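S.K.: Here is my input; please provide its structure:
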Amino acid sequence: MGRVAAPYGIKGWLKVVPMTSAHDTLLTHAQWWLRKRGGEWQEARLESGRPHGNTLVVQLSGVSDREAAAAFSGGEVGVPRSALPAPAPGEIYWADLVGLAVWNREGERLGEVAAVQEYGAHPVLRVVDGAGAARLIPLVAAYVDAVDVTGRRIDVDWQKDY
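M.R.: From the prediction side, this is the model:
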C-alpha cells in the first residue's frame with residue numbers, strides 16, 4: 001500500500017509514499033503493517049497522520065523517535081487484506097498478480113510475475129524466468145491479452161527476445 005520514504009521530525013513520525021490512487025486512503029486504516037527492507041512484517045496502529053504534498057506523514061504505535069523511524073526507511077507499508085474492499089468487476093489488486101505464470105501468444109512461458117511496479121505512465125509487470133532473468137512488461141491492454149487469477153495465468157503479446 002505504500003513505501004516508507006524517511007523519518008519526519010524527531011518524534012518518530014514517518015514520511016510515507018502511498019501506492020494508491022487516492023493518497024489519503026491509507027489514513028482510513030487503523031491497523032498497519034510495516035516491514036523493514038528484507039525484514040519481517042510487524043503490526044502497528046495508526047495514531048495520527050495527514051497528507052503532506054504527494055506523501056503522508058504518520059505516527060504509528062511503537063515508533064517513538066527519529067532513530068526508530070529511520071530504521072523503516074525504504075521499507076513497506078501494508079494493511080490487512082480483510083480491510084480492503086472487494087475489487088469491482090474488471091479490477092484486480094496488484095498483489096493478486098504476483099506469482100502468476102506469464103505466457104505469450106506463441107505458447108512460450110516467459111516466467112512468473114515477481115512484482116508490479118509503478119513507473120509513472122502505467123504499471124509494469126516484472127516477470128522473472130526460471131534462470132532468474134527479468135523482463136518488464138507494461139500492464140496495459142495493448143500487451144496484456146488476459147488475466148486469469150483463478151487459473152494463475154496471464155497471457156501477453158510479448159516475445160521472449162524483447
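S.K.: Who is residue 51 paired with across the strands?
M.R.: Beta-bridge partners for residue 51, by DSSP bridges, are residue 56.
S.K.: Find the centremost residue of this structure, please.
M.R.: With distances taken as Cα atoms, centre = their mean, the residue of the chain nearest its centroid is residue 1 (5.5 Å).
S.K.: Okay, domains of the protein per the record?
M.R.: Annotated domains of the chain cover 2-83, 94-156 [automatic domain parsing].
S.K.: now the longest one, how far from the chain's geometric center?
M.R.: The gap between where domain 2-83 is centred and where its chain is centred comes out at 13 Å by Cα atoms, centre = their mean, to the nearest Å.
S.K.: on that earlier part again, can I get the domains of the chain in JSON lines with mean neighbour count, distance to residue 162 and mean pLDDT?
M.R.: For every residue, glycine as well, the C-beta is placed using N, CA and C. Listed next are those as JSON lines, based on neighbours: other Cβ atoms under 10 Å; distance: least, Cβ to Cβ, whole Å; pLDDT from 0 to 100:
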{"stretch": "domain 2-83", "mean neighbour count": "16", "distance to residue 162": "26", "mean pLDDT": "92"}
{"stretch": "domain 94-156", "mean neighbour count": "14", "distance to residue 162": "7", "mean pLDDT": "94"}
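S.K.: Noted, bye for now.
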